[in-house]
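Undergrad: Predicted model and sequence follow; I will ask about them next.
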Amino acid sequence: MDINKIKKDDLGKGSNIKLNVCDHEVDMYWKVAIEVLEAIAENNRKNEPTLMVVPYGPIGPYSRLVYLINKYRISLKNCTFINMDEYLTDDKKYIDIHDPLSFRGGMDRIFYSQIDEELNVLPENRYFPDPDHPEKPMELIQKFGKLDMVFGGVGINGHYAFNEPPEEGEDVSNEEFLNRPTRVLAVSRETRTINSFMNCGGDLNAIPKYCITVGMKEMFMAEKVRMCMPRDWNAGALRKVLHGEVSAKVPCSLFQKHQDAMLYAAAVALESPIPEIRVYNK
């Protein structure tokens, strides 16, 4: 079957990953923010802690979360957030927190600094994977005995966080890939290219070559996995994730084997990558 010829109305049918279609990108951000907030509120009602792996991108859900948290007075005091990833310098250390590309600095600017202090996540419960201590995310999951949710964007090559597909010629089974923990790795050229397009005017050299990422091993332990595809350039990967071969070559396709995985997609991401099919589907 040519997955690029699947009609838009048939996308998601037969896939173990649920598809939630949003008319526009902003609708997706509200839906994700509401689901995240509902999970936190439910744990608060049960007097249980919340542990989540969260992204820096897409950043759209955060302004909605800030609004909802402050308006409805939802406490984050019992939350622990592990960010998915961060860029590293060539010597495998964090880029400066004041660098505009820093996820650590970005999270403070768009989220933590905007939450009313009496509701905010405690500073000691705001974690980023550390190249000197990559074992920390797994230790937190083991400490809490659970991981409530992971949410984040899907890369142009189907990656999640910075879990890049195996390199050309690298022989890695799906099981081996899913067992990869938090680690330092090189950012693929495809990822650096699309990130340079989105963040720095297409200057590929401005995007760091290295990163640290929470591994698929930890994220697959989440009770809920939520993926976001808000843009037109997500279209090719969307069909591979939902209907292609379950393969480490498209990391998010592996979530077809997860017990509760959902893909939030803006309508533009449902278009076929084949131009004539796009016209036909309209």
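TA: Now that the structure is in, tell me what you want to look at.
Undergrad: I'd say residue 93 and residue 86 touch.
TA: No. Assessed by CB atoms under 8 Å, residue 93 is found out of contact with residue 86, at 10.3 Å. No exception for glycine: its C-beta is placed from N, CA and C like everyone else's.
Undergrad: Name the residue in the two with the higher neighbour count.
TA: residue 86 (25 against 13; other CB atoms under 10 Å).
Undergrad: For residue 75, give me its contacts.
TA: 44, 118, 119 (CB atoms under 8 Å, 6 or more residues apart in numbering).
Undergrad: Residue 53 versus that one, what's the distance?
TA: 20 Å (CB to CB, to the nearest Å).
Undergrad: List the contacts of the residue found closest to residue 22 once you drop the neighbours it is linked to in the chain.
TA: Closest residue to residue 22 in three dimensions, ignoring its sequence neighbours and counting by CB to CB, 6 or more residues apart in numbering: residue 28, at 4.1 Å. Contacts here follow CB under 8 Å, 6+ apart; on that basis residue 28 touches 22, 60, 228, 230, 264, 265, 266.
Undergrad: Next, the third one: phi, psi?
TA: In other words, residue 228. Residue 228 adopts backbone torsions of phi -120, psi 130, taken as degrees, to the nearest 10.
Undergrad: Settle this for me: it is touching residue 33, isn't it.
TA: No. With contact defined as CB under 8 Å, residue 228 does not count as touching residue 33 (11.2 Å).
Undergrad: higher neighbour count, the two?
TA: Neighbour comparison, residue 228 and residue 33: the larger count goes to residue 228, with 28 against 21 (by other CB under 10 Å).
Undergrad: dump the residue contacts of the more buried one.
TA: By CB under 8 Å, 6+ apart, the neighbours of residue 228 are 28, 32, 58, 151, 152, 153, 154, 263, 264, 265.
Undergrad: From those residues, which land in strands?
TA: 151, 152, 153, 263, 264, 265 (DSSP state E).
Undergrad: in the sheet, who's paired with the last one?
TA: The bridge-partner assignment for residue 265, based on DSSP bridges, gives residue 21, residue 229.
Undergrad: so how many other residues sit close to it?
TA: 27.
Undergrad: Out of the contacts of residue 75, grab the one that's most surrounded.
TA: For those, neighbours tallied by other CB under 10 Å; top is residue 44, 17 neighbours.
Undergrad: My guess is that one contacts residue 74. True?
TA: Yes. Contact criterion CB under 8 Å: residue 44 and residue 74 qualify, at 7.1 Å.
Undergrad: Endpoints of stretch 119-128, how far apart?
TA: 20 Å (CA to CA, to the nearest Å).
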